[in-house]
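Q: have a look; sequence and predicted model below, questions after that.
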Amino acid sequence: MEPGPPGSSRPTEPGPCLSSQQGADQAASASLQSAAGAQPGRHSLAVAAVLPAGGCGERMGVPTPKQFCPILERPLISYTLQALERVYWIKDIVVAVTGENMEVMKSIIQKYQHKRISLVEAGVTRHRSIFNGLKALAEDQLNCKLSKPEIVIVHDAVRPFVEEDTLLKVVTAAKKHGAAGAIRPLVSTVISPSADGCLDHSLERARHRASEMPQAFLFDVIYEAYQQCSDYDLEFGTECLQLALKYCCTKAKLVEGSPDLWKVTYKRDLYAVESIIKEKISQEICVVTDIEEDNKYVSHLLEEVLKSELNHVKVTSEALCHAGRDLQQIILDQCYNFVCVNVMTSDFQETQKLLSMLEESNLSILYPVVVVSVHFLDFKLVPPSQKMESLMLIREFAKEVKKRNIWLCGLLISYPQYVCTQISFFFSMDKRKNFLYENEEKHPLT
Ligand SMILES: Nc1ccn([C@@H]2O[C@H](COP(=O)(O)OP(=O)(O)OP(=O)(O)O)[C@@H](O)[C@H]2O)c(=O)n1
Ligand SMILES: O=P(O)(O)OC[C@@H](O)[C@@H](O)[C@@H](O)CO
């Protein structure tokens, strides 16, 4: 299976472009073409992005600059790059990082297979970092493989949840107005303190908005603004839209953004990002069985139980013996959670077959993949302790696949005929936890 490059175009969800998504991409392309005023057959807008990523994250209060802080063992900036890479009509992505972080950034690009990325040296302020990115695009530098775009997107590297439709809106608005930026309603009221530290006045919250990212500009407008920019503004400014207004008399069009556009600034924001990502990759479970298609009773039963227990989670089931297009497509569709039900075999061959498919797909490069290997045992035939020992092999096996971001655990369901069910659940990752609990009901699987 062709590994899905991390940046394949698919807004909001990770992974390669799907046939249904291609339709949306074509719609986006049509929108860009109309925004460009392009005649049929002519190319659409040339769009590039500049990502300032040269800060030290002082407010985060940790030694690692926040753009490199891990979320599910992957640096925050990689999620932002993935979000932009999914948008196929962004031709180049220029990232401004400090010299000391250049090698770290290069290793992230290599490990997560990011494409279309160019690196420039960051400046001592955010505006200077953005300016350095613009210079790289302006063909000011020798041997630079970048070309000057018509439209440039500016997006903070610490805003991972940017979606294609928001990018399309700001780019389309920038083509028409010269500049555009995402905004969000204010959560707190803005007040102005007096010199003695008391309230001077408060602003009417409903009449004001928070300026967020992404922003987009006609390249010539924002590049001219930065070239004219005073040292004071370069040093202390925080608003690119203001530079376009002040130095190029260009009034930016304001575009309502989605709630997830917020900037990661404080430590609590990292926990919020992790929760959102976990929620995104937990939307689907695939039950894979080692039995023939015609008696998939077990998997359908498990599928129904999971559907009833887990609201809003899509549950599918496939027979591993037919490890053809259907299962391949489920993997390509970015399912990250698999329950491998071993009814006919008591060893790991079938689970290993699934794991091989997952490793070939490169699915786990971007997000952890969870595989639960389920095994059944009639303990009248084989005492659980003997079976448990053989299953403990899974621990070594799991340590191996964990290196490739696949989290494997095992579930042994041992049962006599029609009496009771013991479910021994063991973790096979780096620590073994073995607990048994009795369930007096007749196990539905017997
Ligand atoms: N000299 C700088 C400062 C900031 N940034 C980038 O601008 C974005 C938004 O800035 P901010 O949230 O202020 O980041 P930091 O400056 O790192 O945060 P702090 O102010 O808490 O130090 C971040 O992606 C940051 O890496 C940059 O490229 N160059
Ligand atoms: O870097 P700071 O945290 O000071 O501010 C950055 C933000 O101001 C900026 O990302 C948006 O407000 C849009 O300009």
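A: Looks like it arrived, so ask away. Ligands and ions are numbered 1, 2, ... in the order given.

Q: show me the domain layout of the chain.
A: Domain assignment of the chain by automatic domain parsing yields the ranges 24-277, 285-438.

Q: would you turn those into a markdown table with mean pLDDT?
A: Output for the domains of the chain, formatted as a markdown table (pLDDT from 0 to 100):
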| stretch | mean pLDDT |
| --- | --- |
| domain 24-277 | 93 |
| domain 285-438 | 75 |
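
Q: show me what contacts the residue nearest the centre of the chain?
A: Closest residue to the average C-alpha location of the chain: residue 79 at 4.5 Å, with Cα atoms, centre = their mean. By Cβ atoms under 8 Å, 6 or more residues apart in numbering, the contact list for residue 79 reads 71, 160, 273, 277. Where you see a C-beta, it was placed from the backbone N, CA and C, and this is true even at glycine.

Q: change it to 10 Å
A: 6, 14, 71-72, 112, 157-162, 264, 273, 276-277, 366-367 (Cβ atoms under 10 Å, 6 or more residues apart in numbering).

Q: what of residue 61?
A: 266-267.

Q: where's it relative to residue 270, distance?
A: Per Cβ to Cβ, to the nearest Å, residue 61 is found 11 Å from residue 270.

Q: shared neighbours, those two?
A: Joint contacts of residue 61 and residue 270 (Cβ under 10 Å, 6+ apart) do not exist.

Q: near ligand 2, which residues of the stretch 101-250 of the chain show up?
A: 126, 156, 211-213, 238-240 (Cβ under 6 Å from any ligand atom).

Q: quick one: the helices in the stretch 151-300 of the chain, in order.
A: 164-177, 219-228, 231-236, 240-248, 267-280, 297-309 (DSSP state H, counting those that start in this stretch).

Q: give me the number of residues near the residue of the chain found nearest ligand 1?
A: Nearest residue of the chain to ligand 1 (Cβ to the nearest ligand atom) works out as residue 55 at 2.0 Å. By other Cβ atoms under 10 Å, the residues close to residue 55 number 22.

Q: tell me the contacts of it?
A: Residues near residue 55 by Cβ under 10 Å, 6+ apart: 65-67, 96-98, 122, 125-126, 129, 156-158, 265.

Q: returning to that earlier point: and of the residues of the stretch 101-250 of the chain next to ligand 2, the nearest to residue 353?
A: residue 156 (43.0 Å; Cβ to Cβ).

Q: ok, that closest one touching residue 84?
A: No - Residue 156 is not in contact with residue 84 according to Cβ atoms under 10 Å; the separation is 11.6 Å.

Q: common neighbours of the two, please.
A: Contacts common to residue 156 and residue 84, judged by Cβ under 10 Å, 6+ apart, are 51, 162, 214.

Q: including neighbour count, could the residues you listed go into a markdown table?
A: Below are the shared contacts of residue 156 and residue 84 laid out as a markdown table (neighbours: other Cβ atoms under 10 Å):
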| residue | neighbour count |
| --- | --- |
| 51 | 28 |
| 162 | 29 |
| 214 | 27 |
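
Q: quick check: of those residues, which lies closest to ligand 2?
A: The closest of the shared contacts of residue 156 and residue 84, once distances to ligand 2 are taken by Cβ to the nearest ligand atom, is residue 214, at 9.2 Å.

Q: check contacts around the spatially closest residue to that closest one that is not a sequence neighbour.
A: Nearest residue to residue 214, sequence neighbours excluded (Cβ to Cβ, 6 or more residues apart in numbering): residue 155, at 4.2 Å. Residues near residue 155 by Cβ under 10 Å, 6+ apart: 49-52, 80, 83-84, 90, 93, 162, 166-167, 170, 182, 212-216, 261.

Q: what's the answer for residue 150, then?
A: By Cβ under 10 Å, 6+ apart, the neighbours of residue 150 are 36, 44-48, 171, 174-175, 218-220.

Q: near ligand 1, which residues of the stretch 151-300 of the chain show up?
A: 156-158, 263, 265.

Q: now for those residues, which pair is the farthest apart?
A: Farthest pair in those, by Cβ to Cβ: 157 and 265, 12.5 Å.
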